[in-house]
Structure formats: C-alpha cells, structure tokens
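Chemist: Structure for the following, please:
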Amino acid sequence: ALVLAFLGSNTTAPWKPLKKIIRAFASLQRNIPSMIWTFLLIMSFGIGTVVGTLALLITTSGFLIRSFIETIDEVGGESLEALQAVGAGRLSIITQVILPASLPGFLSWLLYSLEVNIRSSTLVGAVGGGGIGLIMMGYIKQFRYHSAMGVILLVAVIVILVDLLTNFLRKKVLA
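Modeler: Next up is the predicted model:
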C-alpha cells in the first residue's frame, strides 16, 4: 500500500496516468465491502481462512492506499518548497520531507486498520471466511448457545485488548 500510495499521490507520482490508475484500483478495492469480497472469493476458492484473509487484505489495502495518498498529499510547507527550489530530486524530497512528515499518519492509519480488521474478521468468518467466526456460526447452528456466547465474549475481549494496545502505541509512538 505504501509503494502504491507514493505512485498515486499528487505530490510524488512520477507519471500522471499511473496516478489515476492506482487511485481507481484503490477505490475499487475499498468500496466493495469485505463481505462481498468474501462471497466472491468463496466462489473461487471455497470456504476457509485463506478466503477470509484475502477478503480483508483486499479491502484493507485499498483503504490504506487511499489513506496514505491523502496523508502524503497533505505534506507541504517550507521544507518541501525549499528542497524543490534548490532542485532536489524526487527521491530526496520523499526521504527528507514527505516520509518523516507522513510517518505518524501512516502509523495511525495502520493501527486503525488493524482494529477494523479484528472486528471484521468475525463477520467475514461467519459467512465462510473461516476462523473464529465460522466456529461461532457452527455453534449457533448446533444450538450450542453457551459455546457461541463464549466465542462472542472471547472476540469482545480480543477487540478490547487490541483497542488498548493500539491506544498505547499511539501515545508512545505518536506523542
């Protein structure tokens, strides 16, 4: 996602038609929900964890490409103008200005995506993407509601722990 974001950004794109292609590709990926990707992939690969992983990967990469592009495009200021004024090359501008200024935003979007994927993985699994969601649906279909409730509570605890972890990382790294 990071490489495609640099190729799709207004600030760093080396070739304008490529920028449009990457933006369209990212929009296609992120605007189709992970549940739909799961259904499409089940038709190709069958039910399983690979399908769930691919569905979340496709949606997340589209989201991250677009988010990273926006983060890169927001970079500006005196440092960028100064390097451009002295004729610095694209690589120098990226490594000296854009990357250091964008890094907190990249990390923030990455952590947010992790949180969203933890939540989404249960739903994707429940419709055939494998994992704990598929196990939970199996318990529900077998009328083993106590076991299903245990899985739901486990997922809730995992989501809360991931949320606490990402908040801690944000404070430590982005502060």
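Chemist: Quick one: neighbours of the closest residue to Val173 other than its chain neighbours, just the number.
Modeler: Excluding its sequence neighbours, the residue lying closest to Val173 (Cβ to Cβ, 6 or more residues apart in numbering) is Leu107, at 6.0 Å. C-beta here means a position set from N, CA and C on the backbone, and glycine is covered the same way. Counted with other Cβ atoms under 10 Å, residues neighbouring Leu107 total 15.
Chemist: Leu107: which element?
Modeler: Per DSSP states H and E, Leu107 falls inside helix 99-124.
Chemist: helices and strands around that helix, which ones?
Modeler: Judged by 3 or more Cβ pairs under 8 Å, 6 or more residues apart in numbering; DSSP states H and E, helix 99-124 is in contact with helix 34-45, helix 49-74, helix 132-141, helix 145-174.
Chemist: Quick one: mean pLDDT for the last one?
Modeler: Along helix 145-174, the predicted local confidence has a mean pLDDT of 89.
Chemist: And the helix or strand bottoming out on mean pLDDT in the chain, what's buried?
Modeler: Least confident helix or strand, the chain: helix 78-85 with a mean of 78, by mean pLDDT, DSSP states H and E. Residues of helix 78-85 classed as buried: 80, 83 (neighbour count, 16 or more other Cβ atoms under 10 Å).
Chemist: Over to stretch 113-129?
Modeler: Going by neighbour count (16+ other Cβ under 10 Å), the buried part of stretch 113-129 is 113, 117-118, 120-122, 124-129.
Chemist: ditto for stretch 165-175
Modeler: Within stretch 165-175, judged by 16+ other Cβ under 10 Å, the buried ones are Thr166.
Chemist: try stretch 18-28
Modeler: Neighbour-count burial for stretch 18-28, counted by 16+ other Cβ under 10 Å, picks out 19, 22-23, 26.
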